[in-house]
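>>> pasting the sequence and the predicted coordinates here, then a few questions.
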Amino acid sequence: METYAVEAKDLTKRYDGTTVVDRLNLQVKENEIFGLLGPNGAGKTTIILMMLGLTEPASGTARVLGFNPTREPLKVKRLVGYLPERVGFYENLTARENLRYIADLNGIGYAEANERIDEVLEKVGLTESEIMEQSGPNSKNKKEKTVGKYSRGMKQRLGIADVLIKRPKLVFLDEPTSALDPKGINQLLDLIADLPRMGTTVILSSHQLYQVQRVCHSIGILSKGKMVIQGAIDKLGREALAGGKYQIEVETIEPSPQLLENIRAIKGVLGVQAEENILTVSTDADLRAAISKAVVQNNFPLIQMKIQEFSLDDIYMKYFRE
Amino acid sequence: MVAVLRKELADYFTSIRFITLFLLVFFVSAAGLVAASQGIRSANLPEGIVFLGLFTTSGAVIPSFTYLVSLLVPIIGIALGFDAINSERAGGTLSRILAQPVFRDSVINGKFLAGVFTLSVMIATMVLLVSGYGLSMIGVPPTAEEVIRLFFYLFMTIIYGAFWMGLAILFSISFRRVAASLLSSLALWLFFSIFILLIAPGIANALAPVGDGTQAELIRNAEVQRMITRISPNILFQESTTVLLVPVVRSLGMVSSSVAAYMVPNPLSLGQSILLVWPHLVSLVSLSAVCFGISYVLFMRQEIRAT
């Protein structure tokens, strides 16, 4: 049996009679990046807060890294990092002081904390020159900037550093890319994509579809507190838009009916359509190898071949049109 | 919780707010000393309570140290607590802190304890400053009983300050905006220290009207009035510190002139003074506890959502 980092069964949350999260079922595998998608107010933040034990579900259960967050919040919080949507720091303290407080709350000793602070600051790319006070070239005593003087992007990166300092097994990132410039978004996404390699599972809430598609292995789409669909992105695309079939495009020169016949004969091919020099083959598996072989063996040039990819936009819009 | 306590203390001791308050502390101590130097000679206190006179005598225009402290301590309490929770919420730090492996009550306990500690440091500084300079000024050392009375005074003042801080923390939990919690704390302070004295006679006249001006009616009216003002923690505090530091005060209630004629005008013993203010002491302690208790429960049940 596969172990899940996060599992939710019939998780429900109500605020003043309105159901914000409605019988949610969710599984997230270890070491994957899971994207939680949905429009504003779909219940993304509430789900994250329930997983952290910061708010209690009305009914249903959640298990995070094998613990029940409502019953054993401390055990969960020791292993899990959380980056809130509007991350805030003590503006009158420096980055290091802010991080040291978090380390202190996690029971990390002073020397160990200093080591980890250097490590995470480097990881998120907050360099010495960025966190130091800008001063004249001949002033000797350099002071660190207080967080109040940081730009929005620097704060967001500090937020990631703050999450990583406890070396979490799982992190929840709530809209991590909001209010960042394109360069900042790219840096952040690279950083997030790297996390599973260090043994950290990531759950990312966002409505920036392109960004989610870039880093996430699988996604769940929420609407009005309900999970509409959940799974790996490519699989979802095929199911949602092509009835579960693969669409492979083959470009060649003047294909003969004989070639079409031969391709149709390959096991697994469901249909072939020719339109001038482009053949569209629908199959029930990735048969690119067999098809290219058939084209070449029939003495036709293989100019290019591509398998249809599904953009998250298409999937998302399909579910929200319904 | 130790981590929260450490952080909050470090915050308090390095903040501008703390420096301002400490300047006020020095100012109040100095004013109290000046008042005592002007008035202590003419007060003509009996032997054994001269040292306490340093704290309770007022000068020509300057009020006594105890009066100044009864004004300043609520301000310190409010200043230390009014933004305890809502500033963290507004700054987005609260959800980040609560996502760490700490119990939720550690946050509010740590903040409250750090506040009480800071408050104690300030009040102790004031009392010690006046004691030290006062000793060199009047040259009369305190008796053991006076020292014990001063300790009681110190304790009551800290409790009183803790009450106002608890109230301010309560408002900082209930109101999202820092300005709202500060203003409501100050409004309540103003009500309890001034307005209640203004409205008490009115209410007393309505509840116990003085029709024919008989003695029984007058006494009843005065008693009701006194009970109403005692709703105010400020009045409770002022009454109890007076009894503690001015041992010649024998009663807080009405004394008819026929009885007063037989009262010996000598100071009460320590035990009797304490007996007299015991209800006040219990009320103040429980008020502080109730304030903190409500804050605690509200904070534990509050939703953490930033929006």
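Noted; the coordinates are in hand.
>>> what's the burial count for residue 128?
In the absence of a named chain, this looks at chain A. When neighbours are defined as other CB atoms under 10 Å in any protein chain shown, A:Glu128 has 10 of them. Where C-beta positions appear, they are placed from N, C-alpha and C, glycine not excepted.
>>> my question was about chain B
Quick note: B:Leu128 (other CB under 10 Å) scores 13 neighbours.
>>> for A:Asp118, same thing?
With other CB under 10 Å as criterion, A:Asp118 counts 12.
>>> quick one: pLDDT of residue 188?
With no chain named, the answer covers chain A. pLDDT for A:Leu188: 86.
>>> could you do chain B instead?
95.
>>> thought it was touching B:Phe163?
No: B:Leu188 lies out of contact with B:Phe163 (CB atoms under 8 Å); the separation is 10.9 Å.
>>> can you tell me the element A:Ala161 falls in?
helix A:152-164 (DSSP states H and E).
>>> contacts made by that helix with the rest, please.
For helix A:152-164, contacts defined as CB atoms under 8 Å, 6 or more residues apart in numbering or on different chains pick out A:81-83, A:87, A:89, A:95, A:98-99, A:102, A:117, A:120-121, A:123-126, A:130, A:147, A:150, A:171, A:173, A:176-177, A:179-181, A:184, A:187-188, A:191, B:96.
>>> if we use 7 Å, what do you get?
A:81-83, A:87, A:89, A:95, A:99, A:102, A:120-121, A:123-126, A:130, A:147, A:150, A:171, A:176, A:179-181, A:184, A:188, A:191, B:96 (CB atoms under 7 Å, 6 or more residues apart in numbering or on different chains).
>>> of these, grab the buried ones for ChimeraX.
To isolate the buried subset of the contacts of helix A:152-164 in ChimeraX, counting by 16 or more other CB atoms under 10 Å in any protein chain shown, use the following:
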select /A:81,82,83,87,89,95,99,102,120,121,123,124,125,126,147,150,171,176,180,184,188,191 /B:96
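>>> dump stretch B:203-220 to PDB, restricted to CA.
Presented in PDB, the C-alpha positions along stretch B:203-220 are these (Å, rounded to 0.1, in the frame of the first residue of the first chain):
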ATOM      1  CA  ILE B 203     -27.600  56.900  40.700                       C
ATOM      2  CA  ALA B 204     -27.500  56.900  44.500                       C
ATOM      3  CA  ASN B 205     -30.200  59.600  44.700                       C
ATOM      4  CA  ALA B 206     -32.400  57.600  42.400                       C
ATOM      5  CA  LEU B 207     -31.900  54.400  44.300                       C
ATOM      6  CA  ALA B 208     -31.900  55.800  47.900                       C
ATOM      7  CA  PRO B 209     -33.500  59.200  47.700                       C
ATOM      8  CA  VAL B 210     -32.900  61.600  50.600                       C
ATOM      9  CA  GLY B 211     -36.400  62.800  51.200                       C
ATOM     10  CA  ASP B 212     -36.700  64.200  54.700                       C
ATOM     11  CA  GLY B 213     -32.900  64.400  55.300                       C
ATOM     12  CA  THR B 214     -33.100  61.900  58.200                       C
ATOM     13  CA  GLN B 215     -29.800  60.400  59.300                       C
ATOM     14  CA  ALA B 216     -30.800  56.900  58.200                       C
ATOM     15  CA  GLU B 217     -31.600  58.200  54.700                       C
ATOM     16  CA  LEU B 218     -28.400  60.100  54.500                       C
ATOM     17  CA  ILE B 219     -26.300  57.100  55.600                       C
ATOM     18  CA  ARG B 220     -28.100  54.800  53.100                       C
END
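>>> which other residues reach it?
With CB under 7 Å, 6+ apart, stretch B:203-220 has contacts from B:221, B:224-225, B:228, B:254.
>>> which of these sits closest to B:Val69?
The closest of the contacts of stretch B:203-220 to B:Val69 turns out to be B:Ile228 (CB to CB; 24.1 Å).
>>> for the residue nearest to the closest one when sequence neighbours are not counted, which residues are in contact?
Excluding its sequence neighbours, the residue lying closest to B:Ile228 (CB to CB, 6 or more residues apart in numbering or on different chains) is B:Ala200, at 4.3 Å. Neighbouring residues of B:Ala200 by CB under 7 Å, 6+ apart: B:225, B:228-229.
>>> re the thing from before, between all of the contacts of stretch B:203-220, which two are separated the most?
So, the contacts of stretch B:203-220 by CB to CB: farthest apart are B:Ile228 and B:Met254, at 14.9 Å.
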